[in-house]
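Asker: Provided below are the primary sequence and the corresponding predicted coordinates.
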Amino acid sequence: MATINQCTLADGRSRYWVKWRLGGTRGGAPQSEPFDTRADAHTFKLHVEAAGHHWPENWIPRQSWAEGWVPGHGWINTSQDDEPEAEPVIFADFARELIDSMTGIEERTRADYHRELEVHLIPHFGQVNLRDVTQLKPKDVRALRTGLPDPKASYCFVPGSLEALVCPAFFGVGFLDSGTT
C-alpha cells in the first residue's frame, strides 16, 4: 500500500511524499516521489497502486508525466503545428447568440437582456476576441461592473444577466483555453 507523508519545509511550505515498496511487498525496494500539493500526491498514489506498486506508465521520476501523456486519457497531441488556427469568437456575437438560446424566459426579458447588452457591454467588449487573452483581463470586467447601475435593481443587467454573459464568455472560452484566470 502506498502512503502519503506530509513534510514542512524550512520556509513553511508543505511537501507531500508518496512512499511505497516496489511490488507492494516487504522485500521490495523503497520508492518515493515528492509533490507540492496533496491532490497531486493523491493522484500519483492511485496510479502507483493501479500499477501494482510499480512506477506508473509514462511517469518520469522527479519530473512529471511524459509530455503528451494525460492520466486517465492517454496520449494526446501536443503539437500546435497540426492544429488549424482557431476561429475568433467575438464577444458581441457570442453574447447575442447566448441570449437568443436562453430557454424559460419571457420574450420581454429576452428583449431587456438584448437592450442591456447593447447599452452596457457591447460598447466596452463588443469586438473582443474571447480566444485572445491579451485583449481582456478579469480586472477589465471588474472595472466595468463597478460602473453599472445598482445590482439589486430589478431593471439592471447585474448580477444574473451580466454574470450569465460575462462569466461563460470571458472565463469559459479564452481564459480557460490558455490556462489564465
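Answerer: Looks like it came in fine.
Asker: check the chain for its longest strand and report it.
Answerer: strand 14-21 (DSSP state E).
Asker: buried ones in that one?
Answerer: By 16 or more other C-beta atoms under 10 Å, the buried positions in strand 14-21 come out as 16, 18, 20. C-betas here are computed from N, CA, C, even on glycine.
Asker: relative to Tyr113, which of those residues is nearest.
Answerer: Tyr16 (46.7 Å; C-beta to C-beta).
Asker: residues contacting that closest one?
Answerer: Taking C-beta atoms under 8 Å, 6 or more residues apart in numbering as the criterion, Tyr16 is in contact with 4-7, 34-38, 40-41.
Asker: state the distance from it to Arg38.
Answerer: Tyr16 sits 5 Å away from Arg38, going by C-beta to C-beta, to the nearest Å.
Asker: between those two, which contacts overlap?
Answerer: Common neighbours of Tyr16 and Arg38 (C-beta under 8 Å, 6+ apart) are 4, 6.
Asker: packing partners of the longest helix along the chain?
Answerer: Across the chain, the longest stretch assigned as helix under DSSP state H is helix 38-50. Packed against helix 38-50, as judged by 3 or more C-beta pairs under 8 Å, 6 or more residues apart in numbering; DSSP states H and E, are the following elements: strand 3-8, strand 14-21, strand 30-35.
Asker: next, give phi and psi for Leu130.
Answerer: Note on Leu130: its backbone torsions stand at phi -70, psi -10 [degrees, to the nearest 10].
Asker: just the pLDDT at it, thanks.
Answerer: For Leu130, the model assigns a pLDDT of 79.
Asker: tell me how far it lies from Met102.
Answerer: Taken as C-beta to C-beta, the span from Leu130 to Met102 is 18 Å.
Asker: more neighbours, the two?
Answerer: Leu130 (24 against 12; other C-beta atoms under 10 Å).
Asker: how far away is the more buried one from Ile99?
Answerer: Counting by C-beta to C-beta, the gap between Leu130 and Ile99 amounts to 16 Å.
Asker: one more: Trp55?
Answerer: Taking C-beta to C-beta, one finds Trp55 at 52 Å from Ile99.
Asker: now swap in Ser14 and tell me
Answerer: As judged by C-beta to C-beta, Ser14 and Ile99 stand 46 Å apart.
Asker: next one: Ala29
Answerer: 62 Å.
Asker: of these two, who's got more company?
Answerer: Using other C-beta under 10 Å, the more surrounded residue of Ala29 and Ile99 is Ile99, with 20 against 9.
Asker: now the helix or strand hosting the more buried one: mean pLDDT?
Answerer: Element membership for Ile99, per DSSP states H and E: helix 91-101. Helix 91-101 carries an average pLDDT of 86.
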